[in-house]
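Asker: Give me a 3D structure for the following:
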Amino acid sequence: MNAHASAARAERTQPVHIGDHLREWRQRRHLSQLDLAGDAEISARHLSFVETGRAAPSREMVLKLAERLEVPLRERNVLLVAAGFAPAFPQRSLDDPALKSARQAIDLVLKAHEPNPALAYDRHWNLVTANRMVAPLLEGLPPHLLGQPFNILRLAFHPEGLAPRTVNLAEWSAHLLERLHRQCEATADPELLKLYQELKAYRMPARSGPVSADNVAIPFKLRRNGDVLSFISTTMVFGTPVDITLQELALETFFPADDLTAERMRQIAANLT
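Answerer: Next up, the predicted model:
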C-alpha cells in the first residue's frame, strides 16, 4: 500500500470494532488470514470469526496478534480498548522519574558525539533535544521554522530552511522522503501522512542519476561560510521499549564524511567553549 492509499484509508471512518482494527493491520502488512493465524498459532477459522465480530478475543490474543503484526505500542493500546480491555502501555514524559535512566542515556549519547551534531526526535520528526553542535549549523534561519514544534523534515525541505543550503538537495530530499514513506506504511499515522503530502508539495530538483558507486551512503552536504560540510548519519532507537515515548523516540547522529568537515566541526566546538 502506498502513502497515497494510506492517506485515503486514514480519511475514512476509523474502525471501532477490534475485528476491523485487526483486519486493517493484517492487510497493511500484506498477510492473509492463514498467514497471520499460523504466526499467532491459532486457527484461521477463529481469526476469521474475530475479524467479523463473531468471536471476542482475549486480552492475551489481542497482544499476541498485535506483536505478530508489529503494531506500534500506541496502536496496541487502541486495539486493547476496542476489545474492551484497559491500555497496557504507558506514555510518560521524558522528565518522568521512571524514564530517568533513558534520559541519561540520550544525554550521554548526544554529549559523547560532540564535536559532531546529534539530535533526538519524536514519531512526527519534531525535535526533542540536541547537542550543542546542531545550533551553529542552523544560524541565520528564520525563527518561525525553529519554534515549537520544531519539525526536522519541514526544516530540511522548506525554501527558507536548509533546502537552499543543501548542496545535494535532490538526493538528500529523496532519501528523507523515502524514509518518511516507509514510516507511513508501517504506522499509518495520520499526522505523518499529512506531513508526507506537505513535503511532496515542495518543488525539489530531480536526481541527475543514480547514486555513485563510490559512495558508501547518501551524504548530507551543507553549505556553510563558503565550505561544504559533508556528513553521513546513523539512526538509533531503544531496542526493547514498553513505554510509548521511548518506542517513538529516535536519535540521529551525524559523522564527518571527509577531513574538511571533521576539522570545521572541531573549530566550531572550540569557539563554543
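Asker: which SSE is Ala105 in?
Answerer: helix 100-112 (DSSP states H and E).
Asker: ok, now Val128?
Answerer: Using DSSP H and E, Val128 falls in strand 127-130.
Asker: So which elements touch that strand?
Answerer: If you count contacts as 3 or more C-beta pairs under 8 Å, 6 or more residues apart in numbering; DSSP states H and E, strand 127-130 packs onto helix 100-112, strand 118-121. The way it works is simple: take the backbone N, C-alpha and C, and place the C-beta from them, glycine included.
Asker: so for whichever helix or strand comes after that strand, what's the average pLDDT?
Answerer: On the C-terminal side of strand 127-130, the nearest following helix or strand under DSSP H and E is helix 143-146. Averaging pLDDT along helix 143-146 gives 91.
Asker: Figure out how far helix 143-146 is from the centre of its chain.
Answerer: Here helix 143-146 shows a centroid-to-chain-centroid distance of 21 Å under the convention C-alpha atoms, centre = their mean, to the nearest Å.
Asker: could you dump the helix or strand that comes right after that helix to CSV, C-alpha only?
Answerer: Heading C-terminal from helix 143-146, the first helix or strand you meet, by DSSP H and E, is helix 152-157. Extracted in CSV, the C-alpha atoms of helix 152-157 (Å, rounded to 0.1, in the frame of the first residue of the first chain):
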residue,chain,number,x,y,z
ILE,A,152,13.2,18.5,11.3
LEU,A,153,11.8,17.3,8.0
ARG,A,154,9.9,20.6,7.4
LEU,A,155,13.2,22.5,8.1
ALA,A,156,15.0,20.3,5.6
PHE,A,157,12.5,20.9,2.8
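Asker: Just the residues contacting the strand holding Val128, thanks.
Answerer: 94, 106-107, 110, 117-122, 149-152, 249 (C-beta atoms under 8 Å, 6 or more residues apart in numbering).
Asker: Walk me through which strands that strand pairs with, and which way each runs.
Answerer: Sheet pairing of strand 127-130 (DSSP bridges) gives strand 118-121 (antiparallel).
Asker: mind exporting the partner strand as CSV, just the C-alpha atoms?
Answerer: What follows is strand 118-121, C-alpha atoms only, in CSV (Å, rounded to 0.1, in the frame of the first residue of the first chain):
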residue,chain,number,x,y,z
ALA,A,118,23.4,14.7,17.1
LEU,A,119,19.7,15.1,17.9
ALA,A,120,16.6,13.2,19.2
TYR,A,121,13.2,13.5,17.7
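Asker: Using PDB, list the CA coordinates for the helix or strand harbouring Asn271.
Answerer: Using DSSP H and E, Asn271 falls within helix 259-272. The C-alpha trace of helix 259-272 is given here as PDB (Å, rounded to 0.1, in the frame of the first residue of the first chain):
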ATOM      1  CA  ASP A 259      38.600  15.600   6.600                       C
ATOM      2  CA  LEU A 260      37.400  19.200   5.900                       C
ATOM      3  CA  THR A 261      34.100  18.600   7.800                       C
ATOM      4  CA  ALA A 262      35.900  17.000  10.700                       C
ATOM      5  CA  GLU A 263      38.300  19.900  11.000                       C
ATOM      6  CA  ARG A 264      35.500  22.500  10.700                       C
ATOM      7  CA  MET A 265      33.400  20.800  13.400                       C
ATOM      8  CA  ARG A 266      36.400  20.800  15.800                       C
ATOM      9  CA  GLN A 267      36.800  24.500  15.100                       C
ATOM     10  CA  ILE A 268      33.100  25.200  15.800                       C
ATOM     11  CA  ALA A 269      33.300  23.300  19.000                       C
ATOM     12  CA  ALA A 270      36.400  25.200  20.100                       C
ATOM     13  CA  ASN A 271      34.600  28.500  19.500                       C
ATOM     14  CA  LEU A 272      31.700  27.400  21.700                       C
END
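Asker: No further queries at this time; thank you.
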